[in-house]
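Compute the structure for the input listed below.
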Amino acid sequence: TCVNLSTAMHKLARFAKEGRWTVTAADARFAVLHSKIRFEIERQISIGVASPDTTAPVVEESLPRCWSTLAWAYGSLQVKGLAIAPLFQSIGHLCLAYIQ
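Numbering: from 1, shown residues only. Below you'll find the predicted structure:
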C-alpha cells in the first residue's frame, strides 16, 4: 500500500541522511522499491483516486500524507541518475484535487 511504501522511503531517506546507507540508482533493492512506488502511484491515477467524479473510490485520508512523504524522501535522497520528474508529475496530479 501507499502507506507502507512511503514509510519505507521515509526510513531510507533518514538512514541516508544519518550516513547509514548510500542510495544509488544501481542498488537493486532501491530499484524494486522505486518500481513499486511508480506502479502504486499510476494505479491510483488509473482508478481515479483524485477524480472529482462521484463514482471514484473513496480516498483514504492517509494518501495526501503518503504523497508528501514520498516527495520529501525522493527530494532528500537526490539519487543521481534517477529520473523522478515523471513520478513527481503523477504525484502532483493526484494532489491537485486536494488543493482546491
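
which element is the residue nearest the centre of the chain on?
Centroid-nearest residue in the chain: L70, 3.8 Å away (criterion: C-alpha atoms, centre = their mean). Following DSSP states H and E, one finds L70 within helix 63-77.

if we look at that helix, which residues are touching it?
Residues outside helix 63-77 that contact it (C-beta atoms under 8 Å, 6 or more residues apart in numbering) are 2-3, 5-7, 9-10, 12-13, 16-17, 23, 37, 41, 44, 49, 84, 87-88, 91, 94-95, 98. C-beta: built from backbone N, CA, C; applies to glycine.

Low-confidence ranges, the chain, go.
Along the chain, segments meeting pLDDT under 70 span 50-60, 100.

Strands of that one, start to end?
Per DSSP state E, the chain carries no strands over any range.

Contacts only, for I41.
Applying C-beta under 8 Å, 6+ apart, the residues contacting I41 are W67, L70, L87, S90, I91, L94.

Near A26, how many other residues are there?
Neighbours of A26 under the rule other C-beta atoms under 10 Å: 11.

ok, now how distant is the nearest residue to it once chain neighbours are set aside from V23?
The spatial neighbour of A26 that comes closest, neighbours along the chain excluded (C-beta to C-beta, 6 or more residues apart in numbering), is G81 at 7.8 Å. The spacing between G81 and V23, counted by C-beta to C-beta, to the nearest Å, is 11 Å.
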